[in-house]
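Novice: What shape does this take:
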Amino acid sequence: MRKCAASSQQGWRNLAVLCALLLAPLTHAAAALGSNPRAPIPFVASVPARPWRVRLLWAFDAMDTASGGRARGWKAPALIDLRLTRHQHLQSGLDSDWHVDLIRILGSNPSRDAGDVQTLDNLAARHAWRVYRAFWQVGDVRGHWALRLGWQGYDELFGLVPDGGDLLNSSFGQMPTSSQAGTPIWPQTAPGISARWHPGAFYVMAGLWSGVPRDPGIPQGWNLPRRGDGGLQALELGLDRHGRYKLALGTWAMHRVGVAQQAHRGVYALADIALLGAGRARRLGGFVQWGQTQPYQSAVGRYLGAGLRLSTRRHGRVSVGVARALLSPGFRLRHPGGARAETAYELTWRKRIDAHLTLQPDVQYIQHPALAPQATHALEIGLRVNGGF
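Specialist: Numbers count the residues shown, from 1 in each chain. Predicted coordinates:
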């Protein structure tokens, strides 16, 4: 495959950064983190109290569009996350949790080469320093209820399928029927309030956000709310037995103040079930998710995704997923010659090497990438490396 000089230089730079990141965590003797900086932080039960704690997490992807798509070559998005947390047990018997994330996104976007709509790499975004999270959460020690206030993402809590958490394609983290409507999701969050009531298997979760998430460094400025932003309202209810099953129905609506025709609504349903070995050393889980919104207001009108994840203590986690997005008539008018739907297939293996390092090879096949109507497919081969100290 012939490459231009600029592409070759970019490839060598990406390789050098990858080697540096691979070696960096091995030179530290700090305490283990073992956490994924891109993992959402849902409402959780009581955790042990600990003082203010500072962590530095990072993630790096090297993704190659091996064939098809709009262009060939390597792309390398990256993330640096400076995280500050504190957990307390209050005298009233409540749990208190402070959480702040200052992040920096770097590198290039592989979706531009592949030409996909669903975003095949969930790290890629516009380069900027951001206060991604800055919230306070309070709840009872039994985990029956929790309340969260501050800057937070809709995709941290709503529409989650735990067994899809390792897949890199953004569709499995947040259905494109809602993500492409301008909801406050990674990495552009907004101030809001969310709550969960979960006395048993049944739960109810509700949230309210400022309606316009903003990026720092662009004319709108830092993501502070302004008049006319309107709001996002979300509601999810379902059955949830941790590690065994999760069944949920949800709805969301975005409104702009004084502009009724800009109201944007959607509904979704999901199921995440332990198929074999719940709570054991080996576990097989599966999920299905479906979403729909007004086709004239989003690139994606309907979405269906499904997948499996096999977890073992020795070999890590292997995940496979299929995401099919039915493209809206308005999007197809703006991008003539494309197919009616885009389908993404993904196979990934996540393995924790040691306390500081996790490797994740990944393969994706995008059928009929909607932003590359001349291409019938795009084959993406990549590697995610993440760690921290």
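
Novice: can you tell me the average pLDDT over stretch 155-168?
Specialist: For stretch 155-168, mean pLDDT rounds to 94.

Novice: first vs last residue of that stretch, how far apart are they?
Specialist: 15 Å (Cα to Cα, to the nearest Å).

Novice: List the buried residues for that stretch?
Specialist: By 16 or more other Cβ atoms under 10 Å, the buried positions in stretch 155-168 come out as 155-168. Every C-beta, even on glycine, is put in place using the N, C-alpha and C of the backbone.

Novice: and what of stretch 316-332?
Specialist: For stretch 316-332, the neighbour count (16+ other Cβ under 10 Å) marks 316-328, 331-332 as buried.

Novice: swap in stretch 336-353?
Specialist: In stretch 336-353, counting by 16+ other Cβ under 10 Å, buried: 338, 341, 342, 343, 344, 345, 346, 348, 349, 350, 352.

Novice: same check, this time on stretch 37-51
Specialist: Buried residues in stretch 37-51, defined by neighbour count with 16+ other Cβ under 10 Å: 37, 38, 40, 41, 43.

Novice: gap between that stretch and the chain center?
Specialist: Remark: stretch 37-51 is offset 17 Å from the chain centroid, using Cα atoms, centre = their mean, to the nearest Å.

Novice: Need the distance between the two termini of it.
Specialist: Using Cα to Cα, the end-to-end distance of stretch 37-51 comes out at 20 Å.

Novice: ok, residues contacting it?
Specialist: With contact meaning Cβ atoms under 8 Å, 6 or more residues apart in numbering, stretch 37-51 is reached by 57-59, 79, 81, 83, 86-89, 95, 97, 99, 103, 122-123, 133, 137, 139, 141-143, 146, 148, 153, 155-157, 160, 165, 173, 186, 196, 198, 205, 386, 388.

Novice: Could you list the low-confidence segments of the stretch 1-150 of the chain?
Specialist: Within the stretch 1-150 of the chain, the segments meeting pLDDT under 70 span 1-35, 45-46.

Novice: where along it do the helices fall?
Specialist: Listed in chain order, the helices of the stretch 1-150 of the chain (DSSP state H, counting those that start in this stretch) span 5-23, 110-114.

Novice: Contacts only, for residue 349.
Specialist: Applying Cβ under 8 Å, 6+ apart, one finds that residue 349 lies in contact with 316, 317, 318, 319, 360, 361, 362.

Novice: wait, I meant residue 351
Specialist: By Cβ under 8 Å, 6+ apart, the contact set of residue 351 is 315, 316, 317, 358, 359, 360.
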